[in-house]
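Q: Dropping the sequence and predicted coords here.
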Amino acid sequence: MKRFILTMVAVLTLASAANAMSYKSARDQAFFLTDKMAYELALSDDQYNAVYEINIDYIMCVDTYDDLFGTFWTRRNNELRYVLSPAQYQLYITLEYFYRPMSWENKKFVFGIYNRYPKDRFYHVAPPGYQVYKGSNRYFDHSAYSGRTFGAPSGKSQPKPGMGGTQPGVSTTNKSQPGSRMGTGMMTKKQAVNKGKQRMSQPPRR
């Protein structure tokens, strides 16, 4: 009986220690993760924004260790099936740092993507969802992405630096061209967010 009580105390302690992160933190984590998914999976602009929404929904729903690979993780994968092409999805599930992006280590949630890419380095400007999306899709019983069409991927899905189990050869000296979302240059988060705001303020192309 005493052992059972101690076990229950340990479980409750673990559950209480693993609290959902704030919206601001979840937004930044989702942006960093999605930026790297867009880079390696060659996402189109439409896919990029949708994947960002799906990622932040998942991150904001993770309250305890049991949530990491439970209902919310399954829903994330189901939603990504609607957004990614079959080839992109097959590549996605082979990349552990995308497929299982969060883990529990030393009494806190950690993101494996930081083992592969340097912090505060981005390939893409912030998606529109970074400024306006608050995570409402996770409350729907139906998928917000089913039946939608997404733009063609940005180029052929070729392996990118960093794939194949090696550390990405990322240059921190190159700079992205103004207004460029894709490319080999890198940006800081501040640059990526500011350029995302500028893009949102521009009139749509005809």
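A: Nice, thanks for sending it over.
Q: so Q131 is in which element?
A: helix 128-132 (DSSP states H and E).
Q: what's the neighbour count on the residue nearest to D45 when sequence neighbours are not counted?
A: Leaving aside its chain neighbours, D45 sits nearest to G151 (5.9 Å; criterion: Cβ to Cβ, 6 or more residues apart in numbering). Glycine gets a C-beta too; all of them are placed from N, C-alpha and C. Other residues near G151 come to 11 when the count uses other Cβ atoms under 10 Å.
Q: quick revisit: need the contact partners of the helix holding Q131.
A: Contact partners of helix 128-132, identified using Cβ atoms under 8 Å, 6 or more residues apart in numbering, comprise R27, F31, N49, Y52, E53, I56, V193, G196, K197, M200.
Q: I'd like those as TSV, with pLDDT and secondary structure appended.
A: Below are the contacts of helix 128-132 laid out as TSV (pLDDT from 0 to 100; DSSP: H, G, I helix; E, B strand; the rest coil):
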residue	pLDDT	secondary structure
R27	95	helix
F31	98	helix
N49	95	helix
Y52	97	helix
E53	96	helix
I56	96	helix
V193	95	helix
G196	93	helix
K197	91	helix
M200	87	helix
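Q: Buried ones among these?
A: R27, F31, N49, Y52, E53, I56, V193, G196 (16 or more other Cβ atoms under 10 Å).
Q: which regions of this protein sit below the pLDDT cut-off?
A: Applying pLDDT under 70 to the chain flags residues 1-20, 139-140, 152-185, 203-206.
Q: residue ranges for the strands of it, please.
A: Secondary structure of the chain (DSSP state E): strands at 102-105, 108-111.
Q: how about these, which one is nearest E79?
A: Across the strands of the chain, E79 has its closest neighbour in strand 102-105 (16.2 Å, Cβ to Cβ).
Q: What helices and strands are in contact with the closest one?
A: The contact analysis (3 or more Cβ pairs under 8 Å, 6 or more residues apart in numbering; DSSP states H and E) places strand 102-105 against strand 108-111.
Q: Show me what counts as buried in stretch 50-62.
A: Buried, per 16+ other Cβ under 10 Å, within stretch 50-62: 50-62.
Q: just the residues you listed now: which is nearest Q88?
A: Each of those was checked against Q88 using Cβ to Cβ; the closest is V51, at 9.8 Å.
Q: Spatially nearest residue to that closest one (excluding sequence neighbours)?
A: Spatial nearest neighbour of V51, chain neighbours left out: T34 (5.2 Å); criterion: Cβ to Cβ, 6+ apart.
Q: Please list all residues in contact with that neighbour.
A: With Cβ under 8 Å, 6+ apart, T34 has these contacts: Y48, V51, Y52, N55, P127.
Q: Over to K134?
A: Each residue near K134 by Cβ under 8 Å, 6+ apart is listed here: Y23.
Q: Please apply the same query to Y89.
A: Counting by Cβ under 8 Å, 6+ apart, Y89 makes contact with L80, R81.
Q: before we move on, what about N49?
A: P127, P128, G129.
Q: could you dump those to TSV with neighbour count and distance to G112?
A: Compiled in TSV, these are given as follows (neighbours: other Cβ atoms under 10 Å; distance: Cβ to Cβ, whole Å):
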residue	neighbour count	distance to G112
P127	29	21
P128	17	26
G129	23	22
